[in-house]
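Engineer: model the structure of this input:
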Amino acid sequence: MKYYLTLSKARDLEFVKDKILYRLLEILPGFLSWFTLIAVFSLSWLSPITVAVFIILFDFYWLLKINYLSFHQISSFRKMQRNLKIDWFKKVSQIKDWQKIHHLIILPFCTEKKEIVESSCQALVDSKYPKNKIMVVLATEERAGKEAQEIANQLSKEFSSKFLKFLVTIHPKDLPGEIAGKGSNTAWAIKQAKEKIIKPLNIKKENIIVSTFDIDTKPYSQYFACLTYNYLTVENPTRYSYQPIPVYNNNIWTAPAFSRVVATSGTFWQMMQQERPEILVTYSSHSSPFKVLDEVGYPKNVVSDDSRIFWKAYLFYDGNYKVFPLHYPVSMDAVLAKDLRKTIINQYKQQRRWAWGCNDIPFMLFGFLKNKKIVLSRKISYSLSVLDGFWSWATASFLIFFLGWLPLMFGGEKFNVTLLSYNLPRFTANLMRLSMIGMIVSSIISLLILPPRPKKFSKLKNLSIILQWLFLPLTLLAFGSIPSLDAQTRLMFKKYLGFWVTEKERGEI
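Structural biologist: Next comes the predicted model:
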């Protein structure tokens, strides 16, 4: 095992030189973001022409990027719609020996309500795939207390007879070398499943696909058939993870507007990423070969386990590992709490936890430096893509909506009488109007992916789904750039985040 595959922090390293290098890589994402913002602010006073030119170039770059991503978004949406119409079970049934494939579904469970967990289990029952090929692990936490165990036992009685196996595991608290959270719980559940299900049934590792789902995940009816078909038809299937598109439809009608915008934006980003498989990384609920998880080891000492497992596998297999885009959805929850104030707080914390994926940057770059077998062009491609993603996440909304006006405010009389000063706000405003094509595309697709409107709501609710995109600038700042900058700053100063469990509410419909 390569020693750098189990790293979570610089202090995990043995040699001082490696520790210093890793710390510098931890500082890098935050440094790039803060340097950009501070430089724009400072140079607006010292060299306003430089900043004005930079703002124009950045806005033009952002316009091209939005239109480029919108094209991918439309293409991915069309593929998803087409895949939803396919009878995947019929297709997979025509493949010889398809019955050899078994599915192991891991559902990490902490303090969520019974109805949340029960609905996810029921979605597995309702899926169009033989239940005698499905094994479910309801992975509970010892630290969640007796109430969680009672819920797990009730669900075990309700669902045990409906699958090949239904196992309840209890992840012990405070195990050495672990961070409490979904990753460590999942790692424990996979270990228990291997000993208590897979070995007794004597199923080959290559014939097991593991789906690590968030507890609110409800796969669409033919997800496992679609997954199985692609697993059996792709070349070298054990060198892929398989990524569905997360659609936050479970409670979309009851969630507030800003929460819907954030959730739907996450769906659209994943749609776009599915069209760029060369840089696609596992996210949230996804599926992987059991052989990979057994050989690589599921990460148990990080918060962002869903993306870290990809980087571990990528480094373990010397770059011979990819993510296969399924263009098929699973349904999840948008952030919703018992009141608006709590929903706002929870939304921010969730986004900060997701932004803590910046912790993968030092892990990835350090691994690239140590692993000489990975092709250099792939290292550069991934490095630039990931760095650009987190840099844009932290800075773009500031640059687009706020800092572009700084040269006019601090440039002084000498700058304000120039032609550039006169044209700057007009030019940037025109570029932003053109970039609204992305918002228009998003608003249309957001209507097309909605589940049926509950009778409780009038048709005016559909109008609110369109008008909610007017909140996009504020949403991108409050639940995008700020929590991302927060996470990167914490990483800079070694204020490492622990795992935070998002409260699950569905609301009354």
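Engineer: how many other residues sit next to Val417?
Structural biologist: Per other CB atoms under 10 Å, the neighbour tally for Val417 reads 10. For the C-beta atoms, the positions are set from N, CA and C on the backbone; glycine is no exception.
Engineer: how near is it to Thr50?
Structural biologist: 17 Å (CB to CB, to the nearest Å).
Engineer: pLDDT below threshold where in the stretch 151-300 of the chain?
Structural biologist: Applying pLDDT under 70 to the stretch 151-300 of the chain flags no residue at all.
Engineer: okay, now the unreliable bits of the protein?
Structural biologist: In the chain (pLDDT under 70), the answer is 1, 422-423, 508-509.
Engineer: report the longest helix in it, please.
Structural biologist: helix 48-85 (DSSP state H).
Engineer: which non-adjacent residue is nearest Gln347?
Structural biologist: Val335 (4.5 Å; CB to CB, 6 or more residues apart in numbering).
Engineer: measure that neighbour to Thr343 for me?
Structural biologist: Taking CB to CB, one finds Val335 at 6 Å from Thr343.
Engineer: likewise Pro29?
Structural biologist: Separation of Pro29 from Thr343 (CB to CB): 28 Å.
Engineer: the more surrounded of those two?
Structural biologist: Pro29 (29 against 20).
Engineer: thought the more buried one was touching Gly357?
Structural biologist: No - using CB atoms under 8 Å, Pro29 is not in contact with Gly357; the gap is 10.0 Å.
Engineer: need the CA coordinates for the lengthiest strand in the chain. PDB is fine.
Structural biologist: As assigned by DSSP state E, the longest strand anywhere in the chain is strand 322-331. Extracted as PDB, the C-alpha positions of strand 322-331 are listed here (Å, rounded to 0.1, in the frame of the first residue of the first chain):
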ATOM      1  CA  LYS A 322     -12.200   6.700 -14.000                       C
ATOM      2  CA  VAL A 323     -15.800   7.700 -13.200                       C
ATOM      3  CA  PHE A 324     -18.500   6.400 -15.600                       C
ATOM      4  CA  PRO A 325     -21.300   8.900 -16.000                       C
ATOM      5  CA  LEU A 326     -24.700   7.100 -15.800                       C
ATOM      6  CA  HIS A 327     -26.900  10.000 -16.900                       C
ATOM      7  CA  TYR A 328     -29.500   8.400 -14.600                       C
ATOM      8  CA  PRO A 329     -31.000  10.100 -11.500                       C
ATOM      9  CA  VAL A 330     -31.300   9.400  -7.900                       C
ATOM     10  CA  SER A 331     -33.600  11.600  -5.800                       C
END
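Engineer: so what touches the next helix or strand after that strand?
Structural biologist: Next in sequence after strand 322-331, counting helices and strands by DSSP states H and E, comes helix 340-355. Contacts with helix 340-355, where a contact means CB atoms under 8 Å, 6 or more residues apart in numbering, come from 255-256, 258-259, 262, 303-304, 335-337, 390, 393-394, 478-480, 482-484, 486-488, 497, 499-500, 502-503.
Engineer: helices or strands up against the following helix or strand past helix 340-355?
Structural biologist: Per DSSP H and E, helix 340-355 leads on to helix 360-370 as the next helix or strand towards the C-terminus. Judged by 3 or more CB pairs under 8 Å, 6 or more residues apart in numbering; DSSP states H and E, helix 360-370 is in contact with helix 16-46, helix 305-316, helix 376-401.
Engineer: deepest-packed of these, please.
Structural biologist: Among the helices and strands packed on helix 360-370, helix 305-316 has the highest mean neighbour count (mean count of other CB atoms under 10 Å), at a mean of 24.
Engineer: and the angle from that one to helix 360-370?
Structural biologist: 0 degrees (axes from the mean of the first three to the mean of the last three CA atoms, to 10 degrees).
Engineer: which residues sit against helix 305-316?
Structural biologist: By CB under 8 Å, 6+ apart, helix 305-316 touches 2, 4-5, 181-183, 186, 212, 241, 281-286, 288, 292-293, 295-299, 302, 321, 323, 357, 360, 363-364, 367, 371, 374.
Engineer: can you confirm Lys128 is in a helix?
Structural biologist: No - counting by DSSP: H, G, I helix; E, B strand; the rest coil, Lys128 is not part of a helix but coil.
Engineer: got the phi and psi for it?
Structural biologist: The phi/psi pair for Lys128 (degrees, to the nearest 10) reads phi -90, psi 80.
Engineer: check contacts around it.
Structural biologist: The contact partners of Lys128, by CB under 8 Å, 6+ apart, come to 88-89, 221-222, 225.
Engineer: ok, Phe166 next?
Structural biologist: Under the criterion of CB under 8 Å, 6+ apart, the neighbours of Phe166 are 135-136, 138, 156, 159-160.
Engineer: if you set the cut-off to 7 Å instead, what comes out?
Structural biologist: 136, 156, 159-160 (CB atoms under 7 Å, 6 or more residues apart in numbering).
Engineer: and Asn67, by the same measure?
Structural biologist: Ile437.
Engineer: let's number from 851 now, not from 1
Structural biologist: In the new count, where the first residue is 851, that last one comes out as Asn917.
Engineer: any idea how far Ile1290 is from it?
Structural biologist: Asn917 is 11 Å from Ile1290, by CB to CB.
Engineer: please apply the same query to Leu957.
Structural biologist: 38 Å.
Engineer: more neighbours, these two?
Structural biologist: Per other CB under 10 Å, whichever of Leu957 and Ile1290 has more neighbours is Leu957, with 26 against 12.
Engineer: next up, the contacts around the most centrally placed residue in the chain.
Structural biologist: Nearest residue to the geometric centre of the chain (CA atoms, centre = their mean): Tyr1133, 3.7 Å. Counting by CB under 7 Å, 6+ apart, Tyr1133 makes contact with 1093, 1120, 1156-1157.
Engineer: that's all I had, so thanks and see you.
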